[in-house]
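The sequence isn't on hand, but the structure is:
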């Protein structure tokens, strides 16, 4: 990484610029908001803080932080950091001088949600300016920024430089960067606008990288792990950007185009529209999965200690089953999967996350599900394995509490089983 930063610094220009130089010299900068950026979403407190700052300091030189621009080959400058401030300042200037055009007034706001923020913030700004004396010419003249212009064509290097130099900012998530990566494969502007808007909605509905929401759980807890287990790969679960790196477009032979939209969880990732369709398909399936009885019971009874390590593994395996067979014998599959995974906790005095992953990978449960042509073949094959387990009666502490959680889940699943409960064991 040190070499990357050093390489990128050779392509960086740092300058002090006024707001006028940034917004009015559009022939030089051609400011654009790139597709990977979050939608405009400043809340009232952030807008009011900026308004108070420009009112207090807007008639004398005042430094407003750093703006990071990424210079493209076509002369456009994409805003890597500073979008929210610049858009809000543009809204203020438009309110002060409505007859003048300013860059960013309506740039790239695909999202209906962004339009709502803009409309509300215009109202806030209008109310504030009714009782305060602020002149547009002073803001343009006195508000200053440190502007970093990155000339590198490598977006990942630009992002690395941004995060290394701006620890106060909220970093872009894996899902922001995946959006940028896959939009590069779409060459029709209307199509890009459509899929970008739908992806923004998924990010917003799931609070971006929130581990408790559908987007992150679908990709990180389920799809990522299932795909690794399918290939019997090992990984570091704490590795940064593992989701972003894994779900970028797979390498291809240029002469042989990718085709087909089968939506297997383990298929190679096609760049562009197929990825967005792939993502939406599995997120929608996951949202349906969240409404099932086994899912709700897992999250009700295994949410403490380190039980959630095992809960998430059980959830991922059961999601693979749900993708293959839907609700058919789902409670039966849940009980036998839970029994198989729980055995690792029962016989391990001190569990580690990687050891849990290895246990599941070695078990080949994911491949059992994939190769089964009917639920009965999967249930029968896994039953052979669980029949080998001995009843654990001497557990205490964390393992005893975990066993109680499993027993509580089984109690709720029993009325919904389709086959003899003895097939699963207690």
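Sure thing, it's come through. Small disclaimer: the values here were computed from a predicted structure and weren't measured.

In three-state terms, label the nearest residue to residue 281 once chain neighbours are set aside for me.
Counting by CB to CB, 6 or more residues apart in numbering, the nearest residue to residue 281 once its immediate chain neighbours are dropped is residue 263, at 4.9 Å. Using the backbone N, CA and C atoms, a C-beta is placed for each residue, glycine as well. At residue 263 the chain is in coil, as set by DSSP: H, G, I helix; E, B strand; the rest coil.

Now do the contacts for residue 263.
Residue 263 makes contact with 277, 278, 281, 282, according to CB atoms under 8 Å, 6 or more residues apart in numbering.

so which strand or helix has the third one?
It stands for residue 281. With secondary structure defined by DSSP states H and E, residue 281 is part of helix 273-289.

Can you list the helices and strands that the helix or strand hosting residue 179 packs against?
Using DSSP H and E, residue 179 sits in helix 174-183. Secondary-structure packing of helix 174-183 (3 or more CB pairs under 8 Å, 6 or more residues apart in numbering; DSSP states H and E): helix 155-165, helix 189-205, helix 242-246, helix 273-289.

Centre-most residue in the protein?
When CA atoms, centre = their mean is applied to the chain, the residue found nearest the centroid is residue 175 (3.5 Å).

how much distance is there from stretch 44-53 to the middle of the chain?
Centre-to-centre, stretch 44-53 and its host chain are 28 Å apart (CA atoms, centre = their mean, to the nearest Å).

The closest residue to residue 296 other than its chain neighbours: how many residues sit nearby?
Distance criterion CB to CB, 6+ apart; nearest residue to residue 296, sequence neighbours excluded, is residue 290 at 7.8 Å. Applying other CB atoms under 10 Å, we find 15 residues neighbouring residue 290.

Can you tell me how far residue 290 is from residue 319?
Per CB to CB, to the nearest Å, residue 290 is found 10 Å from residue 319.

what does residue 281 give?
For residue 281, the distance to residue 319 equals 13 Å [CB to CB].

Tell me which of those two has more neighbours.
A direct count of neighbours by other CB under 10 Å for residue 281 and residue 319 places residue 319 higher, at 26 against 14.

in what helix or strand does that one lie?
helix 307-325.

weakest of the helices and strands packed on helix 174-183 by average pLDDT?
When mean pLDDT is averaged over each of the helices and strands packed on helix 174-183, helix 155-165 scores lowest at a mean of 50.

Which strands and helices lie in contact with the helix or strand containing residue 78?
Using DSSP H and E, the element containing residue 78 is strand 77-81. Contacts defined by 3+ CB pairs under 8 Å, 6+ apart place strand 77-81 against strand 31-32, strand 62-71, helix 155-165.

ok, it: who's next to it in the sheet?
strand 31-32 (parallel), strand 62-71 (antiparallel) (DSSP bridges).

could you give the mean pLDDT of that strand?
For strand 77-81, mean pLDDT rounds to 82.

starting at the chain centroid, how far to the following helix or strand past that strand?
Tracing the chain past strand 77-81, the next element assigned as helix or strand by DSSP H and E is helix 83-96. On the basis of CA atoms, centre = their mean, helix 83-96 sits 28 Å off its chain's mean C-alpha point.

One more: stretch 59-71?
For stretch 59-71 - counting by CA atoms, centre = their mean - the centre lies 29 Å from the chain centre.

Just the buried positions in that stretch, please.
Residues of stretch 59-71 classed as buried by neighbour count (16 or more other CB atoms under 10 Å): 64, 66, 67, 68, 69, 70, 71.

now swap in stretch 334-354 and tell me
For stretch 334-354, the neighbour count (16+ other CB under 10 Å) marks 334-346, 351 as buried.

Domains of the chain: list them as residue ranges, please.
Listed by automatic domain parsing, the domain ranges of the chain are 2-171, 204-423.

could I get those as TSV with distance to residue 182?
Output for the domains of the chain, formatted as TSV (distance: least, CB to CB, whole Å):
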stretch	distance to residue 182
domain 2-171	10
domain 204-423	5
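
Where does pLDDT dip in this protein?
1-12, 25-28, 35-38, 101-113, 152-171, 189, 208-209, 255-262, 420-426 (pLDDT under 70).

and residue 39, which of the three is it?
Classification of residue 39 using three-state DSSP returns coil.

I figured it was touching residue 200, is that so?
Yes: Residue 39 is within contact range of residue 200, at 5.6 Å (criterion: CB atoms under 8 Å).

hang on, the earlier thing: can you point out the buried residues in the helix holding residue 281?
For helix 273-289, the buried set under the neighbour-count rule, 16+ other CB under 10 Å, comprises 273, 274, 275, 276, 278, 279, 280, 282, 283, 285, 286, 289.

Can you show me the helices along the stretch 251-400 of the chain?
Secondary structure of the stretch 251-400 of the chain by DSSP state H, counting those that start in this stretch: the helices cover 273-289, 293-301, 307-325, 330-347, 353-363, 365-371, 375-386, 397-413.

out of those, which comes closest to residue 119?
Residue 119 lies closest to helix 273-289 among the helices of the stretch 251-400 of the chain, at 27.6 Å (CB to CB).
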